[in-house]
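Participant: no FASTA, just this:
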Ligand code: ATP
Ligand code: MG
């Protein structure tokens, strides 16, 4: 391709709303053009990159026997009501919806479990037709709370979504593992460093799930890793070992109520009772669950969450435990109305029955602890669970933190930030059972499909690659997904010999199958070099003064940060060697 014929635009300035490198560079290099918040035009260059990512995804999925289909984006409300997810997605605000002229309401696919389950339910009758894995690479819509970071979090994006259908759990395990391995190959071939982490399944649900993360400072996800022990988990899901609290082996002492005027936080309590450390205290977090009427009851549930004073509650774990759509902290006024005490004095002792109590595992076995007792300006000391308040239900609700002993080997956890580029889920029979989609098993009995689903954010992968590999001069595409592998520029467009040399190299490289761009624009040498570096072609070939003086081309390998002077007759073979993997 000739740059003079390509729709290329570059900008000197960063867009005002760009907070991260990939957004900045992709906008400046003209790859994305903002239409409105979270909506972008993909330029011809970006489309080449997305097409290359999609091609790798296709090859690897086809290789594990998955079959490509295309599912509608407009999806009937009635279909989503059969799975129970219509109300969930409406309540969370994730799904765009629209109504046709006859009054039928549709959602715009944020994901496609319902459509594909219905399709397979209607077309697969017997266990003999299973296993089956279908996938598509198609547009998804999500009404994100905060679209931002360029292509990372948009309202409309390109996703590969795959769905597997098996007769039983063992089959699902096989499909899931094959997909996990395909993902590893996909990201390795694309040229991003990605790793799998234990994940929370979120609104999609299911029993097990793994996210694929590209390590990058700008990533929105926090990951805890136990190096050398093979443990990595999204902080939403991560656990750690916690030494039991001091006092676990003490004999219970009689409960005492002490005046603690205006002492509300753990920090203030530590100052007020200098002999007591935070791990001798239990704090009580009061929340309510926001429920989805159609899925649960229409009654809001109040929860008192007990956790050791030196620990923090993990909201995702809590949300999962309560089964609500989300959890909300009670306001000061709500706390007073519900407990009769001001904020800062709530506790399990004397708590009104409206609250369901759940305790984090960190509270298990604590003795003679300090906590609130729902009276303003007092706290209770030497409280013992089971005696002074009913022994609560325990669950893992704690936020694991860097530095704590990891769950595998007890070695310190390290925190990394990551960009979620893929997510695989074991769904089990959740969707098929809810939607009554069954096949007939070998004994002639109807059984729901055992499903998995598997996503890759194709457009987010492009942004993640930029984020992970950019340098101070611009984007540095991995070779496999660069819009062009090589860009050749003649730096003196008025010099006929140099122009002809660049043309000849361009022709020879094309003939050898290299994906090459000839920058034949009428620009200064400096402007051309700057532009080509900004746009991120992995290998740049400059034909200019050096060629004139020595017969050598300057070949710049962006990824390696290395520039070589290559003899004229060797340029083609050097480049062919560099791009053929
Ligand atoms: P996130 O936690 O980032 O919101 P998610 O967990 O909701 O993502 P999934 O439902 O797992 O996303 O979707 C599969 C993949 O689609 C994600 O791993 C991600 O790569 C991509 N993706 C999800 N939401 C967006 C978005 N708003 N913009 C671009 N890509 C997205
Ligand atoms: Mg996800």
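Facilitator: Received it, and whenever you're ready, just let me know what you need. Because the structure is predicted, anything quoted here is derived from the model rather than measured. Ligands and ions are numbered 1, 2, ... in the order given.

Participant: Which residues are in contact with the nearest residue to residue 304 once chain neighbours are set aside?
Facilitator: Nearest residue to residue 304 in three dimensions, chain neighbours excluded: residue 355, at 4.3 Å (C-beta to C-beta, 6 or more residues apart in numbering). Where you see a C-beta, it was placed from the backbone N, CA and C, and this is true even at glycine. With contact set as C-beta atoms under 8 Å, 6 or more residues apart in numbering, residue 355 has these partners: 286, 302-304, 338.

Participant: Backbone dihedrals for residue 355, please?
Facilitator: Main-chain torsions, residue 355, degrees, to the nearest 10: phi -90, psi 130.

Participant: Can you spell out which residues form a bridge with it?
Facilitator: residue 302 (DSSP bridges).

Participant: And it, what's its pLDDT?
Facilitator: Note on residue 355: pLDDT of 95.

Participant: what's the answer for residue 165, then?
Facilitator: At residue 165, pLDDT is 98.

Participant: give me the number of residues near it?
Facilitator: The local packing of residue 165 (other C-beta atoms under 10 Å) involves 25 other residues.

Participant: if I look at residue 580, how far off is residue 29?
Facilitator: 26 Å (C-beta to C-beta, to the nearest Å).

Participant: swap in residue 248?
Facilitator: Remark: distance between residue 248 and residue 29 (C-beta to C-beta) = 59 Å.

Participant: what do you get for residue 184?
Facilitator: Look at residue 184 and residue 29: by C-beta to C-beta, they are 29 Å apart.

Participant: Show me what whatever residue of the stretch 451-581 of the chain ends up closest to ligand 1 bridges to in the sheet.
Facilitator: Here the residue of the stretch 451-581 of the chain nearest ligand 1 is residue 457; by C-beta to the nearest ligand atom that distance is 2.3 Å. Applying DSSP bridges to residue 457 yields these beta-bridge partners: residue 159.

Participant: How about the contacts made by it?
Facilitator: Counting by C-beta under 8 Å, 6+ apart, residue 457 makes contact with 157-159, 420-422.

Participant: May I ask which two of the residues you listed are separated the most?
Facilitator: 158 and 420 (15.1 Å; C-beta to C-beta).

Participant: Residue numbers of the stretch 251-400 of the chain in contact with ligand 1?
Facilitator: By C-beta under 6 Å from any ligand atom, no part of the stretch 251-400 of the chain sits against ligand 1.

Participant: quick revisit: residue 184 and residue 29: who's more crowded?
Facilitator: Ranked by neighbour count (other C-beta under 10 Å), residue 184 and residue 29 place residue 29 first, with 25 against 15.

Participant: Domain-wise, how is the protein divided?
Facilitator: As assigned by automatic domain parsing, the chain contains the domains 13-238+415-466, 256-395, 484-579.

Participant: okay if I get those as JSON lines plus distance to residue 6?
Facilitator: Listed next are those as JSON lines, based on distance: least, C-beta to C-beta, whole Å:
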{"stretch": "domain 13-238+415-466", "distance to residue 6": "6"}
{"stretch": "domain 256-395", "distance to residue 6": "45"}
{"stretch": "domain 484-579", "distance to residue 6": "7"}
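
Participant: Show me the beta-bridge partners of the nearest residue to residue 100 once chain neighbours are set aside.
Facilitator: Once flanking residues are discounted, residue 100 sits nearest to residue 106: 6.9 Å by C-beta to C-beta, 6+ apart. Going by DSSP bridges, residue 106 is paired in beta bridges with residue 76, residue 98.

Participant: So which bits of the stretch 401-550 of the chain are right by ligand 1?
Facilitator: 420-423, 455, 457, 459-460.

Participant: Cross those against helices and list the overlap.
Facilitator: Among these, the members found in helices (DSSP state H) are 459-460.

Participant: Widest-spaced pair of the residues of the stretch 401-550 of the chain next to ligand 1?
Facilitator: Greatest spatial distance among these (C-beta to C-beta): 423 and 459, at 14.8 Å.

Participant: returning to that earlier point: biggest separation within the contacts of residue 355, which pair?
Facilitator: Using C-beta to C-beta, the contacts of residue 355 span at most 11.0 Å, a distance reached by 303 and 338.

Participant: list residues touching both of the two?
Facilitator: With C-beta under 8 Å, 6+ apart as the test, residue 303 and residue 338 both reach 286, 355.

Participant: Now stretch 163-175: buried residues?
Facilitator: Neighbour counts over stretch 163-175 (16 or more other C-beta atoms under 10 Å) mark 163-167, 171-172, 175 as buried.
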